[in-house]
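Trainee: I'd like to go over a predicted model; first the sequence, then the structure.
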Amino acid sequence: MNNELNDDTNKGSSILIVDDNPKNLQVLASILRTSNYKVAMVKDGAKAIKFISSRKPDLILLDIMMPELDGFEVCQKLKQSKTSKDIPIIFISALSETEDKVKGFEAGGVDYITKPFQQQEVLARVKTHLDLRNAYKKLKQAYKDIEIAAKTDSMTKLSNRLDIIEKIKYEQRKYQRSGNPFSLILSDIDNFKLFNDKYGHDCGDFILIAVADIIKSGIRKQDTAARWGGEEFLILLPETDKPGGESTAIKIRERLISKTFEYNEHPHKISMTFGISTFNGQGIDNCIKMADEALYKGKTSGKNCIVL
Ligand code: GH3
Ligand code: MG
Ligand code: MG
Ligand code: MG
């Protein structure tokens, strides 16, 4: 079949075989190696658990009847651990009663093969579960990527409006418990329309991305910078009073005005105006409005400045 589940991603997958019978280990290992899987073998449950504590095979073939820990117990233990719970486990056992099989699935196994096993069946089941595991991994990654994309401004890779509002709400709740203020810096590139008109939109985009990088370089790990609008950026500074907000704005402004941006081998200089507000329980919208008003004041009094 030619679909995503049936590509070559299983080539070289690693499989741990757990069996107390050396002959079974050898035969299974040889079958799997012929199909290009990497194989590791252990001969009891305790060794299997020790093995998994330092390595993570893509799949486990697990015997049930073994001295000390039996296969059901080993499976349960591996399913309880965060690091091994996602490894698919296929039981391979001489126990062939329905209730044994059911017990295997209840312990967390994904499949059950009875001994004496058929080579083709072992390979087919192993391949199916590796395929499913790969599909699951891809889905999980895709879901993570979607979650990140939903919070990110695609051009600058800063937070988007939605994300920073969530984070401001979180700081508001923290303020209600601790009374510690947080500050907001709203900044806007000066005369950016003229810049675009003169140098073109692509050059403008390049500047926006470079400005975002300068903002990122000037804030702490716990701060959030977002693209608030076209050429407007909002920065959230948790646990920060007004003087703290001012010193961050000074740092960013200095980096910005001392920077010469090179686009298509032409140097460009730009500046920004900054408005700062500090949260004092007045409500989030009001706090953003205060930063906006400070920014507006800066714009009407010559730009390229910081207003508290
Ligand atoms: P001021 O100093 O008062 O802020 O003037 P300004 O020209 O920067 O402000 P104005 O609001 O008049 O124009 C903002 C400009 O920002 C207009 C638009 O072309 C530009 N802009 C907004 N988003 C983008 C973008 O994604 N890429 C580019 N290249 N330009 C953008
Ligand atoms: Mg056994
Ligand atoms: Mg502007
Ligand atoms: Mg603007």
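Mentor: Perfect, thanks for sending it. Ligands and ions are numbered 1, 2, ... in the order given.

Trainee: any idea how far Phe182 is from Arg173?
Mentor: Distance from Arg173 to Phe182, counting by Cβ to Cβ, to the nearest Å: 11 Å. The way it works is simple: take the backbone N, C-alpha and C, and place the C-beta from them, glycine included.

Trainee: over to Gln26?
Mentor: 64 Å.

Trainee: so these two - more neighbours on which side?
Mentor: Each of Gln26 and Phe182 has its neighbours counted (other Cβ atoms under 10 Å); Phe182 has more, 25 against 13.

Trainee: which residue, other than its chain neighbours, is closest to that one?
Mentor: The shortest distance from Phe182 to any non-neighbouring residue, by Cβ to Cβ, 6 or more residues apart in numbering, is to Glu171 (4.5 Å).

Trainee: so how many other residues sit close to that neighbour?
Mentor: By other Cβ under 10 Å, 23 other residues sit near Glu171.

Trainee: wait, it touches Phe279, no?
Mentor: Yes - between Glu171 and Phe279 there is a contact at 7.1 Å, judged by Cβ atoms under 8 Å.

Trainee: so for the helix or strand hosting Glu246, what's the average pLDDT?
Mentor: Using DSSP states H and E, Glu246 sits within helix 242-257. Mean per-residue pLDDT for helix 242-257: 98.

Trainee: helix or strand right after that helix?
Mentor: strand 261-263.

Trainee: partners of that following strand in the sheet?
Mentor: Strand pairing for strand 261-263, determined by DSSP bridges: strand 266-268 (antiparallel).

Trainee: and the strand it pairs with, average pLDDT?
Mentor: On average, strand 266-268 scores 98.

Trainee: do that strand and ligand 1 meet?
Mentor: No - for a cut-off given as Cβ under 6 Å from any ligand atom, strand 266-268 has no contacts with ligand 1; the smallest distance is 12.3 Å.

Trainee: who are the packing partners of the next helix or strand after that strand?
Mentor: Once the chain leaves strand 266-268, the next helix or strand it forms, by DSSP H and E, is strand 272-278. With contacts taken as 3 or more Cβ pairs under 8 Å, 6 or more residues apart in numbering; DSSP states H and E, strand 272-278 sits against strand 183-189, helix 242-257, helix 284-300, strand 306-307.

Trainee: what parts of the stretch 201-308 of the chain come near ligand 1?
Mentor: Going by Cβ under 6 Å from any ligand atom, the residues of the stretch 201-308 of the chain near ligand 1 are His201, Gly204, Asp205, Leu208, Gly230, Glu231, Lys299, Lys303.

Trainee: also the stretch 51-200 of the chain?
Mentor: Going by Cβ under 6 Å from any ligand atom, the residues of the stretch 51-200 of the chain near ligand 1 are Asp188, Ile189, Asp190, Asn191, Phe192, Lys193, Leu194, Asn196.

Trainee: the third one touches Thr273, doesn't it?
Mentor: It refers to Asp190. Yes - the pair Asp190 / Thr273 is scored as a contact, 6.0 Å apart, by Cβ under 8 Å.

Trainee: and the helices in this structure?
Mentor: For the chain, the helices defined by DSSP state H occupy 22-34, 45-54, 71-80, 98-106, 119-149, 161-178, 192-199, 201-217, 242-257, 284-300.

Trainee: joint contacts of Glu171 and Phe279?
Mentor: Phe182 (Cβ atoms under 8 Å, 6 or more residues apart in numbering).

Trainee: make JSON lines out of the helices of the chain and add distance to Thr224.
Mentor: What follows is the helices of the chain, written out as JSON lines (distance: least, Cβ to Cβ, whole Å):
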{"stretch": "helix 22-34", "distance to Thr224": "49"}
{"stretch": "helix 45-54", "distance to Thr224": "37"}
{"stretch": "helix 71-80", "distance to Thr224": "36"}
{"stretch": "helix 98-106", "distance to Thr224": "45"}
{"stretch": "helix 119-149", "distance to Thr224": "14"}
{"stretch": "helix 161-178", "distance to Thr224": "5"}
{"stretch": "helix 192-199", "distance to Thr224": "22"}
{"stretch": "helix 201-217", "distance to Thr224": "10"}
{"stretch": "helix 242-257", "distance to Thr224": "12"}
{"stretch": "helix 284-300", "distance to Thr224": "14"}
